[in-house]
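*Asks:* coords please:
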Amino acid sequence: MPGHMSGDHPTRVSWSRRVFTLPNLGALAAATAVFTLALRTWDSNRGAVLSALIAAAIGGVAWVATSRATRGPTLDRALRGTRQLGSVPDVPGTPAPTILEPGSRSAAMYREIVADLEANTTGQIVMVTAPSPGQGSTTVALNLAVAATQAGRRVLLIDGDPAGRGISRFMGTGRVPGLTELAAGETDLKEAARMWQLDDHTMLPVLPAGAARSDAPELLAGPSIAAALDTVSEQADLVLVDASPITWDGTAGPLAAHADGTVLVVTAAAQPDTVATTTRALEDAGAPLLGFVVNKSDGAPLKPKLVAPFLGRVAVLFVLLALGFSGYTGTRLWASWQGVERGELDTAAARTVEPLPDVTVDEVEDEEITVEEFEENVTSAPAFDGPYQSVLLIGGDEVAGAADVILLTVLPNGSGQPFMVSLPRDLYLHNECTGSYSRINATIHGCDAINGETNLALTVETFTGIQVDHFAKFDFDGFAEIIDAVGGIEICVEYAVRDSKAQLSLPAGCTNATGDQALSWVRSRHTQQQVNGSWKSVPGAGDLLRNQHQQEVLLELFDKLKSFSSPNDLASKVNSLTNAFALDDGLGIAEAIGLAWSARAVDLDDILRIEVDVKLTSTRAGQSVLIPTRPFEEVLREANPAFAADLYGDPDTAFGASDLG
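*Replies:* Numbering: from 1, shown residues only. Modelled structure (predicted):
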């Protein structure tokens, strides 16, 4: 309906003007600037909260200062020269207009307002309106009518809002026929009026609004309404017209032309400029203000209030800063996450690939281990999913293409002890892609049916019985970038060490190693140390010692990466690592953030480091390999019996490789 639609527009304009004011925008700009500067000093979770609180408070102060500097007419100034008829408190409990108890204090206030109107005004037709919706003019009009009726006056209450926002909404007799039908000549006053029973002896005549119609403004300005009001005024002591705001739609203006004056209902939240506009519009319509009633009043004068609005601005600014910071950080994380290279990991699907015919394993050149014992040691129970998250870390040389670092990290859910297993690159295990045995580092090459990361994960699952949930792959150049991104890691040695092939050179003591130095350290297989002035090979130098170095460096790196103090710090770290890592496509950003956040509570000393029991030997073809000397299940049961029991079950009933058929 046109009348209703035209009423929506002023509200939107008023709302936007109230929000996008110079004080509000200045407060937001000041709070944002302070928050940004404070975060540079306190870049942590608590720091972000503290920064937001301080910034919001300063923004609130800026709002107060700007409001005072740009303050226009205040509410008390907008109403200056207009008589205050009275004030009534808020009456909570129902959205409907409330009829007050006759003996209540509020009812007494309404009777005083009615008495004031009778004593100080002339005319019988009074319009009750407000500068804007939400001021409670309908409640005031109803209770003025009730108070006058209970005082023995003959009163008619008219709902003058055909859009349906007035008293008619709460009448059980309906709104039709009513004011608009009377104005259109479709009914008479006797048929349109209703009687509202206030008590056993008192009735209040009410004229409902009638049907909403687009021509309502023209009808209300017509002679039918004028004639009806003239007739009523001859018999009634007081006619109260509950009208919509005069700036709201086109219906209040024509009704004002029939009225002798207007009672304006305001609250402390009324906008001064709207009040001034309403006052001028009523004067122009011929229904000047008789006075105003302060609704929902606590008794305080209508002076500008700054404390409550200040606290409100502080609260709103704090929420806006928190939401803005969260959105900014989330956007950075998402953008960084989108830049991470992804790879497929699906060992379940790989197990369904038709296997190649098994190639008989070359007998190892070792008299102590038979082929049967070897095959039992390299095959565990099927990979079980369980109450844990596992990540396979894969490091390699992009040129060589083989996996040089293979580290399985397991984080049990709850209070279980996390552990990591370093699998030597020369560990001799079954390769699903070839149907034969090979060094584990060669399984990363994959085949047409199974991609490299999945093939390597499948090999690890077959050996350990632990399902691989995710993988993180880096080449050595990326490894060096990661270490440099976190500011280096500490490497401590008793003697100066070197390895010309790995380009390693570290002094005795502790060194904050760069990425290149740490890379040389984890790649060194021919490490020498300087003892008493001469260079000697480090005892046990080779793949196993190198695996130990890899674990130490990765743990140190993990400690640096997990030390992020805030989501902003996490976003910065992720952004610096996007070109160094490749992750499996099954790891979502929410899960990754959850893993990273939960890992912050892991103490490095609590991470159990498990070594695979191996022996250096060679195949009949002369290939040097490391073979397991016992099943991994036995190693895990010995090192972490609680987790092994959850994974494999009771050792007396669990089935092993011999039960696989």
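*Asks:* Would you double-check that Val128 falls in a strand?
*Replies:* Yes. The assignment for Val128, made by DSSP: H, G, I helix; E, B strand; the rest coil, places it in a strand.
*Asks:* List the contacts of it.
*Replies:* 137, 140-141, 144, 240-243, 262-263, 265 (CB atoms under 8 Å, 6 or more residues apart in numbering). Where you see a C-beta, it was placed from the backbone N, CA and C, and this is true even at glycine.
*Asks:* In CSV: those, plus pLDDT, secondary structure and neighbour count.
*Replies:* Listed next are the contacts of Val128 as CSV, based on pLDDT from 0 to 100; DSSP: H, G, I helix; E, B strand; the rest coil; neighbours: other CB atoms under 10 Å:
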residue, pLDDT, secondary structure, neighbour count
Ser137, 91, helix, 28
Val140, 92, helix, 27
Ala141, 93, helix, 29
Leu144, 93, helix, 27
Leu240, 94, strand, 27
Val241, 94, strand, 27
Asp242, 93, strand, 29
Ala243, 93, strand, 29
Thr262, 94, strand, 28
Val263, 95, strand, 24
Val265, 94, strand, 27
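*Asks:* Tell me how far stretch 183-201 lies from the chain's centre.
*Replies:* Between the centre of stretch 183-201 and the centre of its chain there are 54 Å (CA atoms, centre = their mean, to the nearest Å).
*Asks:* Repeat that for stretch 634-644.
*Replies:* On CA atoms, centre = their mean, the centre of stretch 634-644 falls 41 Å from the chain's centre.
*Asks:* Buried residues, that stretch. List them.
*Replies:* For stretch 634-644, a neighbour-count test (16 or more other CB atoms under 10 Å) marks 634-637, 639-640, 643-644 as buried.
*Asks:* Name the SS class of the nearest residue to Gly586 once chain neighbours are set aside, please.
*Replies:* Nearest non-adjacent residue to Gly586, counting by CB to CB, 6 or more residues apart in numbering: Leu345, 5.9 Å away. Look at Leu345: counting by three-state DSSP, its state is coil.
*Asks:* ok, Leu345 touching Lys473?
*Replies:* No. The pair Leu345 / Lys473 is not scored as a contact, 10.1 Å apart, by CB atoms under 8 Å.
*Asks:* quick one on the thing from earlier: looking at the buried residues of stretch 634-644, which two lie furthest apart in space?
*Replies:* Using CB to CB, the buried residues of stretch 634-644 span at most 13.8 Å, a distance reached by Glu634 and Phe643.
*Asks:* what about the strands in the stretch 101-250 of the chain?
*Replies:* Assigned by DSSP state E, counting those that start in this stretch, the strands in the stretch 101-250 of the chain fall at 125-129, 155-160, 194-197, 203-207, 238-243.
*Asks:* what's next to the second one, contact-wise?
*Replies:* Under the criterion CB under 8 Å, 6+ apart, residues 127, 141-142, 145, 148-149, 166-168, 175, 178-179, 193, 196, 204-209, 220, 232, 236-244, 251-252, 255 lie in contact with strand 155-160.
*Asks:* I'd like to know how far the spatially closest residue to Asp484 that is not a sequence neighbour sits from Phe471.
*Replies:* Of all residues not flanking Asp484 in the chain, Gly515 sits nearest, at 4.2 Å (CB to CB, 6+ apart). From Gly515 across to Phe471, the span is 21 Å (CB to CB, to the nearest Å).
*Asks:* ok, now Gly291?
*Replies:* From Gly291 to Phe471 the distance is 79 Å (CB to CB).
*Asks:* Show me which of those two is the more surrounded one.
*Replies:* Each of Gly291 and Phe471 has its neighbours counted (other CB atoms under 10 Å); Phe471 has more, 24 against 19.
*Asks:* close enough to count as contact, that one and Leu392?
*Replies:* Yes. Taking contacts as CB under 8 Å, Phe471 lies within contact range of Leu392: 4.3 Å.
*Asks:* Could you name every residue contacting both of those two?
*Replies:* Shared contacts of Phe471 and Leu392, defined by CB under 8 Å, 6+ apart, are found at 456-457.
*Asks:* what's the helix or strand containing Trp337 packed up against?
*Replies:* Using DSSP states H and E, Trp337 maps to helix 307-338. Here helix 307-338 touches helix 22-41, helix 45-70, helix 567-577, helix 589-599, going by 3 or more CB pairs under 8 Å, 6 or more residues apart in numbering; DSSP states H and E.
*Asks:* Next, the angle helix 22-41 makes with it.
*Replies:* Helix 307-338 and helix 22-41 are oriented at 50 degrees to each other (axes from the mean of the first three to the mean of the last three CA atoms, to 10 degrees).
*Asks:* in helix 307-338, what counts as buried?
*Replies:* Residues 309-310, 313-314, 316-318, 320-321, 325, 329, 332-333, 336-337 are the ones in helix 307-338 that count as buried (16+ other CB under 10 Å).
*Asks:* do you know how far the residue nearest to Asp484 is from Phe479?
*Replies:* Distance, Gly515 to Phe479, using CB to CB: 7 Å.
*Asks:* The two: which has the busier surroundings?
*Replies:* With neighbours defined as other CB under 10 Å, Gly515 and Phe479 compare such that Phe479 has more, 25 against 21.
*Asks:* ok, now which ones touch the residue nearest to Gly586?
*Replies:* By CB under 8 Å, 6+ apart, the contact set of Leu345 is 453-454, 457, 468, 470-471, 584-586.
*Asks:* partner strands of whichever strand or helix holds Thr409, parallel or antiparallel?
*Replies:* Element membership for Thr409 (DSSP H and E) is strand 403-412. Within its sheet, strand 403-412 is paired with strand 388-396 (antiparallel), strand 419-422 (antiparallel), according to DSSP bridges.
*Asks:* Quick one: closest of those strands to Pro412.
*Replies:* Set against Pro412 and scored by CB to CB, those come closest in strand 388-396, at 4.5 Å.
*Asks:* Show me the domain layout of the chain.
*Replies:* Under the assignment automatic domain parsing, the domains of the chain span 2-71+307-336, 75-294, 341-649.
*Asks:* Of those, give the one that comes closest to Pro301.
*Replies:* Nearest to Pro301 among the domains of the chain is domain 75-294 (6.9 Å), distances taken as CB to CB.
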